[in-house]
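S.K.: Test case, fold it:
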Amino acid sequence: MSQKEPVEASARFEAGGTRAATGAGKALASLRTSPGFRLLWVSNLFFYGGAWTQTLVMGWLVFDTTGSEFLLAVFTAVRLAPMLLGPFAGVLCDRYDRVRLLMIACLWALGAVVVVALMASFGQVSYGALVAGGLAIGLAQSPSQPPRASLVLDLVGRENLSNANALNALAMNMTQVIGPAVGGAMISAFGAPTALWISTAWYVVSLAALWPLRGVGHTAPGRPEPVLKMLTSGFRTVLTSRLAAAVLLVTLAANVLLWPVYQAFMPVFAEVLGLDAAGLGWLLTCGGLGGLAGSLVIAMLGDFKFKGGLFVIGTAAWGALWSLFALSRTVPLSFALMACIGLMSASFGVLQTTLLLMTTEPEVRGRALGLQELAIGVMPFASLGLGAAAQAVGVGATAFLSGILLVAVLLTLAARVPQLLRYSGVNVPGQAGAGRTALRHRRT
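M.R.: Numbers count the residues shown, from 1 in each chain. As a prediction, the model looks like this:
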């Protein structure tokens, strides 16, 4: 087959997919038209499903072994600590083959879980080993975020980027619900050691899905710059872009002001509302279902205009809804508000990555995503600050003020960087389907 033929075939394939994508089918556009993205999506689904499953099983072993809430909190903090390595992960993403980095992350996580499962099977697992296992999973999960997100753009092009990121968010939401549920069911049915052994299959499937993507998303040839020079020059390039810096500022503000509220304070809100553990579970389920619905809506919009406007206005609405939720003392109203919170959170969760990829140059996208991972990584430290505030003025007042502050940040940003509010990120001719064409070239 000539080199021209795959390109023409790819164009016909994309055109046919676009014509067929109507109604609900449009939500699955990237999965339908990009074989490469289908493989990456499956890999992401199983990789994160495995990570959430094993985190629950190891956390259960930690508490079963120590009986200490504090030591369980330490385990969780160590598990999340690798998020702070985001900048260096971004350098690796811009420097090396992205698919190879993801395969190494899969193998690393698989090896770590096998070691912990062996120790647990022989009754020799210690608290230190469990903490080390949690750290190993964190080192596989968090630093692999930049190459995973960058690879999406390589595979689907700009015109399907919002759709693809929405589908990835959908997968993430599903794994956060399904993974722990599966882990808990396996602990009850087979015991924790067997649950760890079974869950290693998640990483095997993830690795198998990545295998056909070898060669896609590779970096440009040539002698790379030293790591520290890449780090500083990349950050300088990203942060001097008003649009990219504004998107990162929103990510930082959301992870300082609101995500810690969701992660830490929901049991307190449940108690205020008079809900038991089952009621708390249903409250969180409402938020999860709202997030799934929001991701599907954005996926159906496709390459829509005013992405920046939806990002800014939707995130501000998300903050306002949290403030209303903090004031609610009525159970039905609280459930409805939590569903709306989940719905509006999608405009932040999906579009922060989409806009960051669209507003940065290809050679620094990995480092931009590394900065995003660092902004997300401040959440555990922000939780301590909000916890101190809640101790002083109460959880309701803290959550209310946090939501109002986020709205104020968004309004100020809209006034200072109005181009973000108007940003559409329209498709650039010639970039669409680059990853699909590259994958087809490998197969021909």
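S.K.: any low-confidence regions in the stretch 251-400 of the chain?
M.R.: Scanning the stretch 251-400 of the chain for pLDDT under 70 picks out the ranges 277.
S.K.: can you rerun that using 80?
M.R.: Scanning the stretch 251-400 of the chain for pLDDT under 80 picks out 263-264, 267, 276-281, 284-285, 302-303, 380, 383-384.
S.K.: what comes up buried for the helix with the most length in the chain?
M.R.: Longest helix of the chain, by residue count under DSSP state H: helix 35-66. The neighbour-count check on helix 35-66 (16 or more other CB atoms under 10 Å) flags 35-62, 65-66 as buried. Glycine gets a C-beta too; all of them are placed from N, C-alpha and C.
S.K.: Check stretch 110-127 too.
M.R.: Within stretch 110-127, the residues scored as buried using 16+ other CB under 10 Å are 110, 112-113, 116-117, 119-120, 125, 127.
S.K.: same thing with stretch 63-76?
M.R.: 65-66, 71-72, 74-76.
S.K.: Tell me the one of these nearest Leu31?
M.R.: Thr76 (32.9 Å; CB to CB).
S.K.: Looks like that closest one contacts Leu56 (just checking).
M.R.: No - Thr76 is not in contact with Leu56 according to CB atoms under 8 Å; the separation is 11.1 Å.
S.K.: Show me what whatever helix or strand Pro147 lives in is in contact with.
M.R.: Using DSSP states H and E, Pro147 sits in helix 145-156. Applying CB atoms under 8 Å, 6 or more residues apart in numbering, the external contacts of helix 145-156 come out as 30, 34, 36-37, 40, 44, 86, 89-90, 92-93, 98-99, 101-102, 161, 163-165, 168, 213, 216-217, 353, 357, 365-367, 369-370, 372-373, 433-436, 438-439.
S.K.: again, 6 Å this time
M.R.: 30, 34, 36-37, 89-90, 93, 98, 101-102, 161, 164, 217, 353, 357, 365-366, 369-370, 373, 435 (CB atoms under 6 Å, 6 or more residues apart in numbering).
S.K.: With stretch 63-81 instead?
M.R.: 62, 127, 131, 134-135, 138, 380.
S.K.: can you do 10 Å?
M.R.: Stretch 63-81 is contacted from outside by 51, 54-55, 58-62, 120, 125-127, 129-139, 141-142, 187, 192, 263, 376-377, 379-381, 383-384, using CB atoms under 10 Å, 6 or more residues apart in numbering.
S.K.: Take the buried residues of stretch 110-127 and keep only those in helices.
M.R.: 110, 112-113, 116-117, 119-120, 127.
S.K.: Turn those residues into TSV, columns for pLDDT and distance to Gly349.
M.R.: Shown next, in TSV, are those (pLDDT from 0 to 100; distance: CB to CB, whole Å):
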residue	pLDDT	distance to Gly349
Leu110	91	27
Ala112	89	27
Val113	89	27
Val116	90	30
Ala117	90	32
Met119	91	36
Ala120	89	34
Tyr127	89	33
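S.K.: Closest to Gly287 out of those?
M.R.: The shortest approach to Gly287 among these belongs to Val113, at 28.7 Å (CB to CB).
S.K.: picking up where we left off before, what two of the buried residues of stretch 110-127 are the furthest from one another?
M.R.: The span of the buried residues of stretch 110-127, defined through CB to CB, is set by Leu110 and Tyr127 at 22.4 Å.
S.K.: pLDDT on stretch 75-82, on average?
M.R.: Stretch 75-82 shows a mean pLDDT of 82.
S.K.: Just the buried positions in it, please.
M.R.: Neighbour-count burial for stretch 75-82 flags 75-76, 78-82 (criterion: 16+ other CB under 10 Å).
S.K.: Likewise for stretch 372-387?
M.R.: Buried-residue list, stretch 372-387, by 16+ other CB under 10 Å: 372-380, 382-383, 386.
S.K.: where's that stretch relative to the chain centroid, distance-wise?
M.R.: Relative to its parent chain, stretch 372-387 has a centroid offset of 15 Å by CA atoms, centre = their mean, to the nearest Å.
S.K.: quick one on the thing from earlier: quick check: mean pLDDT across the longest helix of the chain?
M.R.: Helix 35-66 shows a mean pLDDT of 86.
S.K.: continuing past that helix, what's the next helix or strand?
M.R.: Next element after helix 35-66 (DSSP H and E): helix 69-80.
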